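Participant: Next comes the sequence, and after it the predicted model I'd like to discuss.
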Amino acid sequence: MQFKHPEILYFLFLLVIPILVHLFQLRKFKIEYFTNVKLLKELSIQTRKSSKIKKYLLLATRLLLLTALIIAFAQPFFAAKDSKSKNNELYVILDNSFSMQAKGQKGELLKRAVQDLLEKTPENVQLSIVTNSEEFWNTSIKNIQKELQNLSYSAIPFSLENALTKVKSHNSNNQKDIVIITDAIGLKTQSLANVSENTKTYFVIPEAEKLENIAIDSVFVAQSLENFYEIGVNVSSNFEEEKSIPVSMFNNESLIAKAILKLNKRKQTLSFTIPKAEFNGYITLNDNSLAFDNTFYFSISKPSKVNVLSIGENEKSTFLSKIYTQPDFNYQNVTINALDYSKIPNQDAIILNELDNIPLAMHTNLKKFIEKGGNLVFIPSVKNDLQNINSFLANFGNLQFVNLQNQDKKITKINFANPLFANVFEKKISNFQYPSVKQSFGVKSSASQAITYEDQTGFLNSIFKNSGAVFIFSAPINKENSNFQNSPLIVPTFYKMGSINDKNGVKFETIGNSQSVLVPAVLSKDEVVSIKNNSEEFIPMQQIMDDKVKISCGDNPKKAGNYEIVQYKKSVGTLSFNYDRKESALTSPSSESIDQINQIDSLESFFDTIEIERTDNQIWKWFLIFTLIFLFLEILIQKFIK
């Protein structure tokens, strides 16, 4: 037991006073006996004995009364179990990502979490709240009540690492309590390794009643016919039982197609056929779980031909003319001596087909061509000078050729994750007929490998730079050196390399992960383009590039939808934005992750715990009660004991 004012205990010396008074009252008197008073003598002896007991009882109660009163004024207490943390700053990390739309026993997880914050947090507690999209620093729950009640779901997926970084950057010196409210989907506990020793973390993990969900993952052109597009819709679900879901397609706000999707697999593809024309709409379905991933926005530009220019010998370019055919492509092959450099900016894709030497003028022109969103395919020649090749490739990234190798190599692996092969194959192929090469260059690069040799080196490497793309073969693919031209891979590979930034394909962006987009527009020095629809408008980052504008949207817009690109009240293009689908997979957190964190039942238990562990147990009130009890006992003694 400790005392807040221990100096008051010196007053305990005052207990000597009632003792002295008591001794004075108990002094002995001389006894004188009279005759014929025998009865009075016996009564006197009895009275004197009871009076003596009464005085001892009064002395005891008065001593205890004074002792209790003095100790009460000294304010005794028992020290808190965790007194060092009583001044910790409180931070609440609140996950408001779309997975928190899932429903628990008391409604949507986010809304329930906000309600608990408002109800369970004491009004006098100062705290900071960090969400995926907003921060409230050094405030009270009462001051931000309306903001929390109006808190919307964020398109930014929950990242514990990012949230902890925000907390750390705000003030890294003081001790902290961090309460993390999240459904723990995709939780990476490695982020906690960098938490300061002065910081205590607590996890409140609300649970959804049902983890079943359906999501539209992507949309693509499965096939381009003469007058129609066959649109593929990738859908994922985790329903255990077979279920039928209606799916609708809208162009602008007009319903143009409807289908029934029978869910019997984790991943499925649904097909729609639409006219080959400009499209600006969305596909939607309904389920009783997460709503954000039920609609997918996309656009298709007015059909136009893709311009492909091949530079090389005519006899080595015959196979290209069979791939890039009308009506989808305008294909032309020229020799290096007949090349008109002024035609380069008008192309969508350029193929350097086994040129023995690459002129310096071509270095500059093709670098600018890539910066403006063009595609470049480089096929080496066995006669290439390494210094000439590497000087050219240095314009596009960290990729260098080394010595020519006279060794047969089989081409054995396709990287299906590479953007080149996105939505090309319905399923992954592992046992295709392996093409091979006789001679190839060694490659030193960290670039992504689209197609790989059996020794895990790259046959086809890809570099995505700005809005353009560069594809680099490590070996000549003429028929004398390789049978790749006879492989089934030749057509989809070159078709996609010519049209990976296809102006006729499906276009959409992911909010927060959108790439730079080139828009055909001529702007004056102080002019800007804006992006807007009926509910939102913003000005993106932009860079003027001759007759085009490169725009980057960053974390904008806040809502998914179809948007117009506007230049002074005139529409110069469209963009479609969708929410990131990372939050679609509703899965319970792994037991391994849960074991590594300090999980608590609720916010209420958190505040109760810190109040018990960090609040001193004040017991001076008990001593005041004892004082009153002893006072009452003294009154009783005075009244009833004679």
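Facilitator: Great, that's in hand.
Participant: what residue ranges in the stretch 351-500 of the chain are flagged as low confidence?
Facilitator: Within the stretch 351-500 of the chain, the stretches with pLDDT under 70 are 423-432, 466.
Participant: Sketch out the strands for it, chain order is fine.
Facilitator: Using DSSP state E, counting those that start in this stretch, the strands of the stretch 351-500 of the chain run over residues 375-379, 399-414, 436-445, 448-453, 458-465, 468-473.
Participant: Show me what the last one is packed against.
Facilitator: Strand 468-473 makes packing contacts with helix 360-371, strand 375-379, strand 458-465 when contacts are defined by 3 or more C-beta pairs under 8 Å, 6 or more residues apart in numbering; DSSP states H and E. No exception for glycine: its C-beta is placed from N, CA and C like everyone else's.
Participant: Name the SS class of residue 244, please.
Facilitator: strand (DSSP: H, G, I helix; E, B strand; the rest coil).
Participant: per-residue confidence for it?
Facilitator: The model reports residue 244 with a pLDDT of 86.
Participant: Quick check: it vs residue 270, distance?
Facilitator: For residue 244, the distance to residue 270 equals 12 Å [C-beta to C-beta, to the nearest Å].
Participant: Please say which of those two ends up with more neighbours.
Facilitator: Remark: of residue 244 and residue 270, residue 270 carries more neighbours, 20 against 9, as counted by other C-beta atoms under 10 Å.
Participant: next structured bit after the helix or strand hosting that one?
Facilitator: Under the criterion of DSSP states H and E, residue 270 resides in strand 267-275. Heading C-terminal from strand 267-275, the first helix or strand you meet, by DSSP H and E, is strand 279-285.
Participant: Sheet-wise, list the partners of that following strand with their directions.
Facilitator: Using DSSP bridges, the strands paired with strand 279-285 are strand 243-251 (antiparallel), strand 295-300 (antiparallel).
Participant: tell me which residues in that strand are buried?
Facilitator: Buried positions in strand 279-285, judged by neighbour count with 16 or more other C-beta atoms under 10 Å: 279-285.
Participant: still on that earlier bit, among the strands of the stretch 351-500 of the chain, show me which one is buried the most.
Facilitator: For the strands of the stretch 351-500 of the chain, the largest average neighbour count (mean count of other C-beta atoms under 10 Å) is found in strand 468-473, namely a mean of 25.
Participant: Give me the contacts around that one.
Facilitator: By C-beta atoms under 8 Å, 6 or more residues apart in numbering, the surrounding residues in contact with strand 468-473 are 369-380, 393, 396-397, 399, 419-420, 443, 447, 450, 459-464, 497, 500-501.
Participant: In this structure, what helix or strand scores lowest on average pLDDT?
Facilitator: Least confident helix or strand of the chain, by mean pLDDT, DSSP states H and E, is strand 617-618 with a mean of 63.
Participant: Could you check the very next helix or strand once past that one and say which residues are buried?
Facilitator: As assigned by DSSP H and E, the chain's next helix or strand after strand 617-618 is helix 620-640. Within helix 620-640, the residues scored as buried using 16+ other C-beta under 10 Å are 620, 623, 626-627, 630, 633-634, 637.
Participant: Also stretch 215-227?
Facilitator: For stretch 215-227, using 16+ other C-beta under 10 Å, the buried residues are 215-216, 218-222, 224.
Participant: Mind checking which of those residues are in strands?
Facilitator: In this view, the buried residues of stretch 215-227 that belong to strands under DSSP state E are 215-216, 218-222, 224.
Participant: quick one, what contacts residue 12?
Facilitator: Neighbours of residue 12 in contact, by C-beta under 8 Å, 6+ apart: 67, 70.
Participant: So which bits of stretch 353-364 are buried?
Facilitator: Neighbour count says stretch 353-364 has 353-355, 358, 362-363 buried, by 16+ other C-beta under 10 Å.
Participant: before we move on, the earlier item: mind listing the strands the strand holding residue 270 pairs with, and their directions?
Facilitator: If you go by DSSP bridges, strand 267-275 pairs up with strand 228-237 (antiparallel).
Participant: okay, the angle between the strand it pairs with and strand 214-224?
Facilitator: Angle, strand 228-237 to strand 214-224, by axes from the mean of the first three to the mean of the last three C-alpha atoms, to 10 degrees: 160 degrees.
Participant: what's in contact with strand 228-237?
Facilitator: By C-beta under 8 Å, 6+ apart, strand 228-237 touches 212-224, 247, 249, 261, 263, 266-276, 283, 285, 296, 300, 423, 506, 584-585.
Participant: Kindly recompute the last result at 7 Å.
Facilitator: Here strand 228-237 makes contact (C-beta atoms under 7 Å, 6 or more residues apart in numbering) with 213-223, 261, 263, 266-276, 283, 300, 423, 584.
Participant: which one of the strands paired with strand 279-285 has the lowest average pLDDT?
Facilitator: Across the strands paired with strand 279-285, the lowest-scoring stretch is strand 243-251, with a mean of 92.
Participant: mind saving the C-alpha coords of that strand as CSV?
Facilitator: Extracted in CSV, the C-alpha atoms of strand 243-251 (Å, rounded to 0.1, in the frame of the first residue of the first chain):
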residue,chain,number,x,y,z
LYS,A,243,-26.4,-21.6,-57.8
SER,A,244,-27.8,-19.6,-60.8
ILE,A,245,-27.1,-15.9,-61.0
PRO,A,246,-28.5,-13.4,-63.5
VAL,A,247,-25.9,-11.3,-65.3
SER,A,248,-26.8,-8.2,-67.3
MET,A,249,-24.8,-6.0,-69.7
PHE,A,250,-25.5,-2.3,-70.2
ASN,A,251,-24.3,0.1,-72.8
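Participant: Could you pull out the buried residues of it?
Facilitator: For strand 243-251, burial by neighbour count (16+ other C-beta under 10 Å) applies to 245, 247-251.
Participant: Mind putting these into a markdown table with distance to residue 414?
Facilitator: A markdown table is the format used below for the buried residues of strand 243-251 (distance: C-beta to C-beta, whole Å):
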| residue | distance to residue 414 |
| --- | --- |
| 245 | 32 |
| 247 | 30 |
| 248 | 34 |
| 249 | 31 |
| 250 | 35 |
| 251 | 34 |
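Participant: Can you lay out the strands paired with strand 279-285 as TSV showing distance to residue 53?
Facilitator: Output for these, formatted as TSV (distance: least, C-beta to C-beta, whole Å):
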stretch	distance to residue 53
strand 243-251	89
strand 295-300	92
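Participant: quick one: which of those strands is nearest residue 565?
Facilitator: Residue 565 lies closest, by C-beta to C-beta, to one member of these: strand 295-300, at 11.0 Å.
Participant: distance between the helix or strand following the closest one and the chain's centre?
Facilitator: Next helix or strand after strand 295-300 toward the C-terminus (DSSP H and E): strand 306-312. Computed by C-alpha atoms, centre = their mean, to the nearest Å, the chain-centroid distance of strand 306-312 equals 42 Å.
Participant: now do stretch 62-82
Facilitator: Centroid separation for stretch 62-82 versus its chain: 53 Å, with C-alpha atoms, centre = their mean.
Participant: Only the buried residues of it, if you could.
Facilitator: When burial is assessed from 16+ other C-beta under 10 Å, stretch 62-82 yields the following buried residues: 62, 64-76, 80.
Participant: Stretch 517-537 now?
Facilitator: 517-519, 521, 523, 529-531.
Participant: residues contacting residue 420?
Facilitator: So residue 420 contacts 450, 462, 496-497, 500 (C-beta under 7 Å, 6+ apart).
Participant: with those in mind, which one is nearest to residue 126?
Facilitator: Among those, and counting by C-beta to C-beta, the member closest to residue 126 is residue 462, at 52.3 Å.
Participant: how much space between the closest one and residue 447?
Facilitator: 6 Å.
Participant: And residue 52, by the same measure?
Facilitator: On the measure of C-beta to C-beta, residue 52 and residue 447 end up 107 Å apart.
Participant: ok, these two, which is more surrounded?
Facilitator: residue 447 (20 against 12).
Participant: Contacts only, for that one.
Facilitator: Contact analysis of residue 447 by C-beta under 7 Å, 6+ apart lists 397, 399, 461-463.
Participant: All set now, cheers.
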